[in-house]
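K.L.:
Take this sequence and fold it.
(chains A and B)
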There are 2 protein chains.
Amino acid sequence: MKILNPKKVFVQYRDDMRPYEPVMKRRYTITHSDITAELFVFIAEKYADDQITKMRDEVRVAWEESEKGLVLIGSVIVDGIDIKGISSIRNKIFYNEMPTALQALRQGDRFLFMNKPVFDETPVYIHFISNNPKFDKMYNFGKIGDYK
Amino acid sequence: MKILNPKKVFVQYRDDMRPYEPVMKRRYTITHSDITAELFVFIAEKYADDQITKMRDEVRVAWEESEKGLVLIGSVIVDGIDIKGISSIRNKIFYNEMPTALQALRQGDRFLFMNKPVFDETPVYIHFISNNPKFDKMYNFGKIGDYK
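P.N.:
Presented below is the predicted three-dimensional model:
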């Protein structure tokens, strides 16, 4: 895994989100700059739709409660209406860059995880959304603590 | 005072800095993007020298203990070796934009102030550094809580 430089990660807490709480309503929107390689983590009640560009290269992740306990469920849009780019290439980039996005999430919201280390055990599932069944998949990216 | 959009403020905690502590060692480096009007607040033990550009338009602020209690002491470089631009213009821009920089500081580090509201009473002094005695001044910008 390519190790992310923590100096590249910027955070913006929105709404009523604070560093240590609340947990369950946290929604992360992760964006980046191709020019500076900086990553931006928005921690909010709602996804940061105002930060989404035509590139649609954002990653969204939210906490959810499953039968087996807490999970982090996310999504990326591989293809669809108004999405430019070749599905197979977008799919590959999202897959390869996901560890970087997850490191940004873990780094950006690290105070939450440092406060309750058990949260590092939370499994991460990312839904790659595509009209093509070959790409439309839910991937298990391991535990969020793998990305610290 | 021009009201800063909180969605324009990004934070990066460095070193051992956490949202609620430690207080006294906090050093803020505030930078901005002329293109996006975004403000970046680095909260760290050391100033974020890696973020300083040739423009030298950053604002630095630190907590200090004075005889009268806590103060926030900052500085900007109006002119000097390797500083481009006309002193009088840089001086004016720094003076006019200081409320925006201080709002970014108060917004970026708001969890600290929300946790201990008495901190909002802290007076802010900014040293405008210049070789010209006309511009080399220490300004009192009121209380940091005025910028929330």
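K.L.:
who in chain A is up against chain B?
P.N.:
By C-beta under 8 Å from any C-beta of the partner chain, the residues of chain A that approach chain B are A:6-7, A:9-14, A:18-20, A:40, A:50, A:111. Glycine gets a C-beta too; all of them are placed from N, C-alpha and C.
K.L.:
Got a quick ChimeraX command for the buried subset of those?
P.N.:
Isolation of the buried members of the residues of chain A next to chain B (16 or more other C-beta atoms under 10 Å in any protein chain shown) is achieved in ChimeraX through the command below:
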select /A:9,10,11,12,13,18,19,40,111
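K.L.:
which ones among the residues of chain A next to chain B are found in strands?
P.N.:
Among these, DSSP state E puts A:9-13, A:40 in strands.
K.L.:
Farthest-apart pair in those residues, please.
P.N.:
A:Val9 and A:Tyr13 (13.5 Å; C-beta to C-beta).
K.L.:
Keeping just the C-alphas, turn the lengthiest helix in chain A into PDB.
P.N.:
Ranked by residue count and defined by DSSP state H, the top helix of chain A is helix A:87-108. Output of helix A:87-108 as PDB, limited to C-alpha atoms (Å, rounded to 0.1, in the frame of the first residue of the first chain):
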ATOM      1  CA  SER A  87     -15.800   2.400 -17.200                       C
ATOM      2  CA  SER A  88     -12.900  -0.100 -17.000                       C
ATOM      3  CA  ILE A  89     -10.300   2.700 -16.500                       C
ATOM      4  CA  ARG A  90     -12.500   4.500 -13.900                       C
ATOM      5  CA  ASN A  91     -13.000   1.200 -12.200                       C
ATOM      6  CA  LYS A  92      -9.300   0.400 -12.000                       C
ATOM      7  CA  ILE A  93      -8.400   3.900 -10.700                       C
ATOM      8  CA  PHE A  94     -11.000   3.800  -8.000                       C
ATOM      9  CA  TYR A  95      -9.900   0.300  -7.000                       C
ATOM     10  CA  ASN A  96      -6.200   1.200  -6.900                       C
ATOM     11  CA  GLU A  97      -6.700   4.600  -5.200                       C
ATOM     12  CA  MET A  98      -9.200   3.400  -2.600                       C
ATOM     13  CA  PRO A  99      -6.500   2.600   0.000                       C
ATOM     14  CA  THR A 100      -5.300   6.200  -0.300                       C
ATOM     15  CA  ALA A 101      -8.900   7.500   0.200                       C
ATOM     16  CA  LEU A 102      -9.400   5.200   3.200                       C
ATOM     17  CA  GLN A 103      -6.100   6.400   4.700                       C
ATOM     18  CA  ALA A 104      -7.300  10.000   4.200                       C
ATOM     19  CA  LEU A 105     -10.500   9.100   6.100                       C
ATOM     20  CA  ARG A 106      -8.700   7.400   8.900                       C
ATOM     21  CA  GLN A 107      -6.200  10.200   9.100                       C
ATOM     22  CA  GLY A 108      -8.700  13.000   8.800                       C
END
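K.L.:
between that helix and strand B:9-13, how many degrees?
P.N.:
Orientation of helix A:87-108 against strand B:9-13 (axes from the mean of the first three to the mean of the last three C-alpha atoms, to 10 degrees) gives an angle of 60 degrees.
K.L.:
Kindly state the pLDDT recorded for A:Ile81?
P.N.:
Note for A:Ile81: predicted pLDDT of 88.
K.L.:
which residues touch the residue lying closest to A:Asp50 once chain neighbours are set aside?
P.N.:
Leaving aside its chain neighbours, A:Asp50 sits nearest to B:Lys7 (6.9 Å; criterion: C-beta to C-beta, 6 or more residues apart in numbering or on different chains). B:Lys7 is in contact with A:12, A:14, A:50, counting by C-beta atoms under 8 Å, 6 or more residues apart in numbering or on different chains.
K.L.:
same question, A:Phe113
P.N.:
A:Phe113 makes contact with A:106, A:119-120, A:144-145, A:148, according to C-beta under 8 Å, 6+ apart.
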